[in-house]
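Colleague: okay, here's the prediction I keep looking at, along with the sequence it came from:
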Amino acid sequence: MLNIEPSIIAPLSIQLFAIMDPLAAIPTLLSVISNVPEKEVNKLINKAALAIFALINAFTMAGWYILSLFGISMPAFKVAAGIILMAIALDTLITGHKPEKLDIGEYIIVPIATPLIVGPGTMTLLLTSAKVYGIINTLIASYIAFILTYITIRNARIIVKFTGETFIHGLGRFMSIIIASFAIEMMASGINEYMSKET
């Protein structure tokens, strides 16, 4: 029987959406597609969405098995993951954008899907959540976050038209606070587990 826990899925989907943070990618995305026909834009975004979907499945289902080959313990990974998430949150909070840059000359699918949306923070959260909450709960939460992300990037032009870039940057900074809070909880959990093993 599948152990599906809505109490875990709901907050986890919010955390995943926050770390994927498609709103922070909107200004960069718009600067790249400004001269691209609407029909072509939709095709590119759909391809990027497929890449995002494939990546979240791969890291949720197989990521931890790959890491286990290196003999990394769960407490150690939690602390390392928390540090990475905190670094990303602080960079976003201070600069107002994600740490990864997008070269306009690059092919749009790869940088939009990764690392702008599925970057180190997303990968880390997926790996950790799959181990802590189970693959099924993590997959469901990631699918919810994916749907919200797809709706966001698909309607990027409309969102900026009605809200303005200032609002987008402000919301991105608010998301960074959520990420930072989750990072602290993850590091604390890892340290507590490590101390428990030592005692």
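Modeller: Done, it's in. Residues are numbered from 1 along each chain as shown.
Colleague: C-alpha from now on. contacts and neighbour counts both.
Modeller: Will do.
Colleague: so for stretch 143-157, mean pLDDT?
Modeller: In this model, stretch 143-157 has a mean pLDDT of 94.
Colleague: check what contacts that stretch and list those residues.
Modeller: 13-14, 16-17, 20-23, 26, 30, 42, 45, 49, 52-53, 159 (C-alpha atoms under 8 Å, 6 or more residues apart in numbering).
Colleague: I'd like to know which of those is nearest to Ala141.
Modeller: For these, the minimum distance to Ala141 (C-alpha to C-alpha) is 4.3 Å, reached by Ser13.
Colleague: how close does that closest one get to Ala145?
Modeller: 5 Å (C-alpha to C-alpha, to the nearest Å).
Colleague: next: Ser73.
Modeller: 27 Å.
Colleague: check Gly82 too.
Modeller: Gly82 is 20 Å from Ala145, by C-alpha to C-alpha.
Colleague: of these two, which one has the most company?
Modeller: Gly82 (28 against 23; other C-alpha atoms under 10 Å).
Colleague: would you mind listing the residues in contact with that one?
Modeller: Residues near Gly82 by C-alpha under 8 Å, 6+ apart: 182-187.
Colleague: which stretch of helix or strand covers it?
Modeller: helix 74-95 (DSSP states H and E).
Colleague: I'd like the mean pLDDT over that helix, please.
Modeller: 79.
Colleague: only alpha carbons, please: show that helix as CSV.
Modeller: These are the backbone C-alpha positions of helix 74-95, laid out as CSV (Å, rounded to 0.1, in the frame of the first residue of the first chain):
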residue,chain,number,x,y,z
MET,A,74,22.2,11.0,5.6
PRO,A,75,23.1,13.4,8.5
ALA,A,76,26.2,14.6,6.5
PHE,A,77,24.2,15.1,3.4
LYS,A,78,21.5,17.1,5.3
VAL,A,79,24.1,19.5,6.7
ALA,A,80,25.7,19.9,3.3
ALA,A,81,22.3,20.4,1.6
GLY,A,82,21.4,23.0,4.2
ILE,A,83,24.5,24.9,3.5
ILE,A,84,23.9,24.9,-0.2
LEU,A,85,20.3,26.0,0.2
MET,A,86,21.3,28.8,2.6
ALA,A,87,24.0,30.1,0.1
ILE,A,88,21.4,30.2,-2.7
ALA,A,89,18.8,31.9,-0.4
LEU,A,90,21.3,34.6,0.7
ASP,A,91,22.5,35.3,-2.9
THR,A,92,18.9,35.7,-4.0
LEU,A,93,18.0,37.8,-1.0
ILE,A,94,21.0,40.2,-1.5
THR,A,95,21.1,40.4,-5.3
